[in-house]
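Q: can you look at this prediction? I've put the sequence above it.
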Amino acid sequence: MLKHRFLVAQLGARMHYAIPRMLYEGGRLERFYTDICAVQGWPRLLRMLPVSLRPSGLRRLLGRVPHGVPNGKISALTSLGWAYSRARTRGRASEQAAEVHIAFGKKFCETILQKGLGKATATYTFNSAGLELMRAAKQIGLSTVMEQTIAPRAVELEILAEAVQRYPGWAKATPSGPYINAFIAREEEEWQHADLILCGSEFVYSAVVSRGGPVDKCRVVPYGVDNLFQLDRGPRRPGPLRVLTVGEVGLRKGSPVVWEAAKMVGEQARFRMVGGQVVPFEMLKNKPANVELVGVVPRSDILEQYRWADVFLLPSLCEGSATVIYEALMSGLPVICTKNSGSIVEDGISGFIVPTLDPIQVAECILTLVRQLKRLVELSTAARACAESVGISTYRQRLLATLEKLPR
């Protein structure tokens, strides 16, 4: 059977362009369409600026480089991407954000269709940003693959509604409105046009099924990360247990659970939260003294954060399969997370799986490691042993083996 050649359509730099890179390495990439990247158009010229003159926003833009994908395979829709970025900045409210995402997802697909699909025999898209492309592909006999990168929006909103009741100061009422409904409908219609739906975790798979998604089309393919996260940790430094969280500080990531657990643990542990903040200003007054908010850290500096830590914590309410957990395991950190984080952590072996919205369980896990340093070493050793299974090469093998079964 001849191998498919994929046209990948991806808004943003998701997972540092892992999908087009792996498909190219596997000899399967026909074309990669994206919005803004730093190797084409005017963003490429900005690389000539001295590092000292690059503001943080520009540094993030210049970091959008599809390493491992030849420039000749890339089509960057820079004007569309720039307009999308500005529209997202203006429309931060959930209803506005849904409207913007729908409009530009549709425009993205239509622009790709105008430019042509080349010799592709299949398309690879991501939830909510591939509907028009998938429709057209099916009409001309191409196969269609979509990746459900997070639990469907309808399921996410159900989960957040419970969290809002529990932690009302952390977010407004659960988003609703015609564009939210349209987003849900768009996402679920994509399932009907897909020949294959890839889910990063059992959590996402179950969420799709709970919304009536086609079970026979869904396959679970866990992710992977680059080997650069492997660290030689050395002996643990004395002092309070160092607990790291990486990701947006807000309700969906379970940040109020981190704060409550930190209060329970007290001076026996220090907590560091790395990532942008969507915490209402009035809630910042309740931040525990043993919690440090670092803000966004450049990818080039994130290794130092993993090196600082003894334990990784991510009590997320809703994810796809959080890649920061893969990074933490590869760096030798035991992980405390929820089932909803979509992780591959083995409970009691490479970390602990705790229920969502349960700071008591989180605190108990942390105190166990404070009191049993031998257990901490055992979990850390097991986490480091996961390096091969969480690596990008293993992810590529899983992905290509699954795509091999896609019919021609």
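A: Arrived safely. Numbering: from 1, shown residues only.

Q: next one: the nearest residue to Leu400 once chain neighbours are set aside from Val377, what distance?
A: Leaving aside its sequence neighbours, Leu400 sits nearest to Gly26 (C-beta to C-beta, 6 or more residues apart in numbering; 4.8 Å). C-betas here are computed from N, CA, C, even on glycine. Distance from Gly26 to Val377, counting by C-beta to C-beta, to the nearest Å: 38 Å.

Q: hang on, the earlier thing: against Asp195, how distant is the residue nearest to Leu400?
A: Counting by C-beta to C-beta, the gap from Gly26 to Asp195 is 18 Å.

Q: again, but for Glu202
A: In terms of C-beta to C-beta, Glu202 sits 21 Å off from Asp195.

Q: again, but for Val370
A: 50 Å.

Q: same question for Val390.
A: Here the criterion is C-beta to C-beta. By it, Val390 lies 28 Å from Asp195.

Q: pLDDT at Leu2, what is it?
A: On the pLDDT scale, Leu2 is placed at 59.

Q: same check, this time on Tyr84
A: 88.

Q: ok, the residue nearest to it when sequence neighbours are not counted - contacts?
A: Leaving aside its sequence neighbours, Tyr84 sits nearest to Phe104 (C-beta to C-beta, 6+ apart; 4.4 Å). With contact taken as C-beta atoms under 8 Å, 6 or more residues apart in numbering, Phe104 is in contact with Leu11, Leu80, Ala83, Tyr84, Ala87.

Q: what about the strands in this protein?
A: For the chain, strands defined by DSSP state E occupy the ranges 6-10, 29-34, 74-76, 122-126, 143-148, 196-199, 218-220, 241-246, 269-274, 291-295, 311-314, 335-338, 351-354.

Q: these: which one's closest to Thr323?
A: Closest to Thr323 of these, according to C-beta to C-beta: strand 241-246, at 9.7 Å.

Q: look at Val390 and Asp195 and report which has more neighbours.
A: Taking other C-beta atoms under 10 Å, Val390 and Asp195 do not tie; Val390 has more neighbours (25 against 17).

Q: how about the nearest residue to the residue positioned nearest the centre of the chain, chain neighbours excluded?
A: For the chain, Ala322 is the residue whose C-alpha lies nearest the centre (C-alpha atoms, centre = their mean; 5.3 Å). Leaving aside its chain neighbours, Ala322 sits nearest to Ser341 (4.9 Å; criterion: C-beta to C-beta, 6+ apart).

Q: how much space separates that neighbour from Val279?
A: 20 Å.

Q: what about the two, which has more around it?
A: Between Ser341 and Val279, counting by other C-beta under 10 Å, Ser341 is the more crowded of the two (29 against 22).

Q: which residues does the more buried one contact?
A: Counting by C-beta under 8 Å, 6+ apart, Ser341 has contacts Phe203, Leu314, Pro315, Ser316, Glu319, Ser321, Ala322, Ile325.
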